[in-house]
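In: here is a sequence together with a model predicted from it:
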Amino acid sequence: MAYDDSSRWCQGSCMGWARRRMAGYREDVAAYEAVLARYRERLADPSTKPSTLRKPAAPEPPRIIPVLGDPIYCQACTHAVKAKLARLDVAAAIAARESDGMRGTTTEAKVRSTPGPASPSPTIDELEDLEGWLRSWKAAYLGADEVARLGSLMDAITYGTAWLVHRAERILRHRQMAVPFAEETLAWYARLDRYDPTDVTVQRMPLRCPGCKRFSLERRGGEDVVRCRTIGCVRGESISMDQYTAMVEQQAMAAKAATKTRTVVRPPRPRTPAAETEHQKVEP
């Protein structure tokens with residue numbers, strides 16, 4: 001396959017860098033063709049000496065090892081989109097729990113376009129939009145104009161997410177539906193990823209582990225415990241933040257005490273022969 005046959009490339013993030021490089025290459029080719037046209041015009045002018053002209057060099061195409069879609073997305077990107085779609089349910093549940101008001105306990109379908117009282121929480125409005133988005137893709141998959149909400153808001157989100165996850169791979173193989181579905185799924189996850197408990201940040205701690213003596217201590221986001229990532233380390237298996245803070249203070253005090261008690265021992269300065277002669281002189 002030619003390097004620029006982007007129609008068969010995976011449309012996911014794995015080939016995003018290649019598409020950017022190809023876009024830059026096309027811009028370079030357009031600029032080269034403009035310069036080449038001016039060069040040919042000047043070369044055709046009888047009053048111009050060919051020796052004074054320098055033919056422009058063509059830009060080199062980028063070296064790209066393409067990842068092909070199957071048929072649109074590769075397996076890795078398909079699974080990545082499917083995984084983030086599945087996380088929307090848990091992220092939405094945590095967002096609802098942390099909101100300042102709860103709604104959606106009725107079993108009746110809600111029509112957002114009709115006038116009515118405002119939601120007590122902007123988070124709930126966002127979850128209403130998420131549930132509507134899930135139903136819109138269910139309707140598109142079934143070829144229907146719209147589908148009604150089933151159950152309360154959170155039940156409808158759980159059901160809609162599970163329904164689409166079960167059919168995500170087939171949607172991501174559809175020529176017309178794959179790209180917009182994947183892009184919208186990733187956009188929704190970006191809006192709710194701060195509520196995703198599976199997206200854990202790990203902080204490396206600067207002290208050595210008291211067990212294995214390695215710089216292998218780490219703290220996961222949301223936890224008050226420092227752990228050693230070395231397999232089989234017993235002493236560093238679970239260290240509370242109070243214990244770790246005490247270790248930091250103890251090490252700081254030890255370093256400060258060592259700095260105060262440290263003495264610099266200088267070797268005696270050797271005497272030069274001239275200095276020894278001067279020392280041996282006796283006044284008359």
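Out: Nice, thanks for sending it over.

In: could you pull out the strands in the protein for me?
Out: Remark: strands assigned in the chain by DSSP state E are 202-204, 217-220, 225-228, 239-240.

In: so which of these is the most surrounded?
Out: Mean neighbours per residue, mean count of other Cβ atoms under 10 Å, is largest over the strands of the chain for strand 225-228, with a mean of 19. Any C-beta I mention is one placed from the backbone N, CA and C, and that applies to glycine too.

In: packing partners of that one?
Out: The contact analysis (3 or more Cβ pairs under 8 Å, 6 or more residues apart in numbering; DSSP states H and E) places strand 225-228 against strand 217-220, strand 239-240, helix 241-261.

In: ok so, going back, of the strands of the chain, which is nearest A162?
Out: strand 217-220 (27.7 Å; Cβ to Cβ).

In: nearest residue to K138 in space, please, no chain neighbours.
Out: Nearest residue to K138 in three dimensions, chain neighbours excluded: V147, at 5.4 Å (Cβ to Cβ, 6 or more residues apart in numbering).

In: which residues touch that neighbour?
Out: The neighbours of V147, taking Cβ atoms under 8 Å, 6 or more residues apart in numbering as the test, are R135, K138, A139.

In: low-confidence bits of the stretch 1-150 of the chain, can you list those?
Out: Along the stretch 1-150 of the chain, segments meeting pLDDT under 70 span 1-4, 100-121.

In: kindly recompute the last result at 80.
Out: Across the stretch 1-150 of the chain, the ranges flagged by pLDDT under 80 are 1-6, 98-122.

In: helices along that one, start to end?
Out: With DSSP state H, counting those that start in this stretch as the criterion, the stretch 1-150 of the chain has helices at 16-44, 75-98, 122-142.

In: turn these into a markdown table, including mean neighbour count and distance to G160.
Out: Formatted as a markdown table, the helices of the stretch 1-150 of the chain follow (neighbours: other Cβ atoms under 10 Å; distance: least, Cβ to Cβ, whole Å):
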| stretch | mean neighbour count | distance to G160 |
| --- | --- | --- |
| helix 16-44 | 13 | 28 |
| helix 75-98 | 18 | 9 |
| helix 122-142 | 18 | 3 |
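
In: mind putting these in JSON lines, distance to D224 included?
Out: JSON lines is the format used below for the helices of the stretch 1-150 of the chain (distance: least, Cβ to Cβ, whole Å):
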{"stretch": "helix 16-44", "distance to D224": "38"}
{"stretch": "helix 75-98", "distance to D224": "19"}
{"stretch": "helix 122-142", "distance to D224": "26"}
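
In: of the ones you listed, which is nearest Q243?
Out: Closest to Q243 of those is helix 75-98 (Cβ to Cβ; 29.3 Å).

In: packing partners of the closest one?
Out: helix 122-142, helix 153-171, helix 178-192.

In: got the CA positions of that helix in CSV?
Out: Taking C-alpha atoms only, helix 75-98 is exported to CSV below (Å, rounded to 0.1, in the frame of the first residue of the first chain):
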residue,chain,number,x,y,z
GLN,A,75,-8.7,-3.5,16.9
ALA,A,76,-6.8,-1.4,19.4
CYS,A,77,-8.7,1.8,18.7
THR,A,78,-12.0,-0.1,18.6
HIS,A,79,-11.4,-1.5,22.0
ALA,A,80,-10.3,1.9,23.3
VAL,A,81,-13.6,3.5,22.2
LYS,A,82,-15.6,0.6,23.5
ALA,A,83,-13.9,0.8,26.9
LYS,A,84,-14.5,4.5,27.3
LEU,A,85,-18.1,4.0,26.3
ALA,A,86,-18.5,1.4,29.0
ARG,A,87,-17.0,3.8,31.6
LEU,A,88,-19.6,6.5,30.9
ASP,A,89,-22.1,4.6,33.2
VAL,A,90,-19.9,4.6,36.3
ALA,A,91,-18.7,8.2,35.6
ALA,A,92,-22.3,9.4,35.3
ALA,A,93,-23.3,7.7,38.6
ILE,A,94,-20.4,9.3,40.5
ALA,A,95,-21.2,12.7,38.9
ALA,A,96,-24.9,12.3,40.0
ARG,A,97,-23.8,11.5,43.5
GLU,A,98,-21.6,14.5,43.8
